[in-house]
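Visitor: here is a sequence together with a model predicted from it:
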Amino acid sequence: MSQTFIMIKPDAVRNKHVGEIINRIEKEGFKILGLKYLHLSLEDAKQFYKVHSARPFYDELCKDMSASPIVAAALERENAVLHWRDVIGATDPKEAKPNTIRALYAESKGANAVHGSDSDENALLEISFFFKGYELVK
Ligand code: IDP
Ligand code: MG
């Protein structure tokens, strides 16, 4: 078993896709270890995405991610990181395969409905950014 960290981004929350995306998480066989609904500050978003601070879209990304509430979750499954990346599809919804979450619900490359960790190591770092140990089920 391995873990991944996911977010339902502000665009998907505003577009009322939270229920469908959580349904998909369950259908894909993930166990939910932690789940919260929160509004990131601009500083939190900058800290979370600091690996992208040199990229041209960084300021817009952080502004968008702190514009309205998100859902954050820690998930467990075999091959969790790669399986979630398959379920969400390519960063740009125009390139995402049919029936992936981004193909179904994303507005654009920036407002692309969901986040998913890109490695096991980053999954654990991202989970600890959002959750204290006692907020995660064993
Ligand atoms: P990922 O979310 O598919 O892992 P990353 O390259 O890690 O994609 O980029 C992080 C986030 O930054 C993306 O999910 C998207 O919201 C935003 N982003 C990435 N590339 C672009 C771009 O070219 N224009 C606008 N936003 C982008
Ligand atoms: Mg990424």
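Guide: On my side now, so go ahead. Ligands and ions are numbered 1, 2, ... in the order given.

Visitor: gap between I32 and L75?
Guide: I32 sits 6 Å away from L75, going by CB to CB, to the nearest Å. Using the backbone N, CA and C atoms, a C-beta is placed for each residue, glycine as well.

Visitor: quickly list what's touching both of those two.
Guide: Common contact partners of I32 and L75 (CB atoms under 8 Å, 6 or more residues apart in numbering): I25.

Visitor: settle it for me: which of the two has more neighbours?
Guide: L75 (26 against 15; other CB atoms under 10 Å).

Visitor: list the contacts for F130?
Guide: Listed by CB under 8 Å, 6+ apart, the contact set of F130 reads 5, 34, 36, 72, 74.

Visitor: how about the helices in this structure?
Guide: All helices of the chain, identified by DSSP state H, fall at 10-14, 18-27, 42-48, 58-65, 80-88, 101-105, 120-130.

Visitor: before we move on, back to that, among the contacts of F130, which one lies nearest to ligand 1?
Guide: Comparing the contacts of F130 against ligand 1 with CB to the nearest ligand atom picks out F5 as the nearest, at 11.5 Å.

Visitor: mind putting the helices of the chain into JSON lines with mean pLDDT?
Guide: As requested, the helices of the chain are exported to JSON lines (pLDDT from 0 to 100):
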{"stretch": "helix 10-14", "mean pLDDT": "98"}
{"stretch": "helix 18-27", "mean pLDDT": "98"}
{"stretch": "helix 42-48", "mean pLDDT": "98"}
{"stretch": "helix 58-65", "mean pLDDT": "98"}
{"stretch": "helix 80-88", "mean pLDDT": "98"}
{"stretch": "helix 101-105", "mean pLDDT": "98"}
{"stretch": "helix 120-130", "mean pLDDT": "98"}
